[in-house]
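Engineer: Would you be able to build a 3D model of this:
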Amino acid sequence: MKYAIFNEQGFPKAFFSPDIHGERFIEDENGDLVPNPDCKIPEEAIEITDEQWFEFINNQGRRRWNFEKKEVIEYIQPPSLDKLKQQKLRQLKQELQNFIYSHYDQGTQASFTALYQIAKEQNNTNALTQIQRVWNWINSVLNYYYSKKDAIKNADTQNELDNIIWDWSTVGEIEHVELRGVVQLLNQ
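Structural biologist: Okay, here's the model as predicted:
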């Protein structure tokens, strides 16, 4: 048997052993159990079994005391706010890419960039207008993304972080610009 003092969360602060700190009770000359005046185990210390003591010793920082059930329970440390922010930022970025690519994949975007240079050289305002509509839409999506990214980075609590949500449909749809249509405008 051992004794332990726990903090409010159930983590051990100190252990005591009757072999080292003395028995709480001893027999008097009549054979009655009486408090041991030489015992160094504080009154607030809770009696635990040797097995429970070993569980704490072998799993430091990963076990707590359940005061209601009077047993050792596993403790899994929640992720830090910084780690939660990183997870949410990864999710936001992945959803940004999925949203943009569902409209204009990377290859299409690269083609629009190349065609923009040609349209600029030709001074083809119709083609430039069409390509600019794509870039304006992507820019609005990116502005929305950066506002959510900043909110995530600036969150001071997990609750504040949990309340940051996004809905890509609020960014607004554009009339889809077809790559083929821009190419046809350039070939006129």
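Engineer: Show me the domain layout of the chain.
Structural biologist: Following automatic domain parsing, the chain resolves into domains at 2-74, 81-186.
Engineer: Reformat those domains as a markdown table; add mean pLDDT and mean neighbour count.
Structural biologist: (C-beta placed from N, C-alpha, C; glycine too.) Output for those, formatted as a markdown table (pLDDT from 0 to 100; neighbours: other Cβ atoms under 10 Å):
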| stretch | mean pLDDT | mean neighbour count |
| --- | --- | --- |
| domain 2-74 | 95 | 13 |
| domain 81-186 | 93 | 14 |
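Engineer: Go through the chain and flag its longest helix.
Structural biologist: In the chain, taking DSSP state H as the definition, the longest helix is helix 125-154.
Engineer: Can you work out which other helices and strands pack against that one?
Structural biologist: helix 81-103, helix 106-122, helix 179-186 (3 or more Cβ pairs under 8 Å, 6 or more residues apart in numbering; DSSP states H and E).
Engineer: Give me the angle between that helix and helix 179-186.
Structural biologist: On the basis of axes from the mean of the first three to the mean of the last three Cα atoms, to 10 degrees, helix 125-154 is oriented at 140 degrees to helix 179-186.
Engineer: Start the count at 46 instead of 1 going forward.
Structural biologist: Okay, residue one is now 46; in that scheme the one you just asked about reads as helix 170-199.
Engineer: roughly how far is helix 170-199 from the heart of the chain?
Structural biologist: In terms of Cα atoms, centre = their mean, to the nearest Å, the centre of helix 170-199 is found 27 Å from the chain centre.
Engineer: Could you identify the helix or strand that succeeds that helix?
Structural biologist: helix 203-207 (DSSP states H and E).
Engineer: residues making contact with that next one?
Structural biologist: Helix 203-207 is contacted from outside by 126, 129, 130, 133, 197, 200, using Cβ atoms under 8 Å, 6 or more residues apart in numbering.
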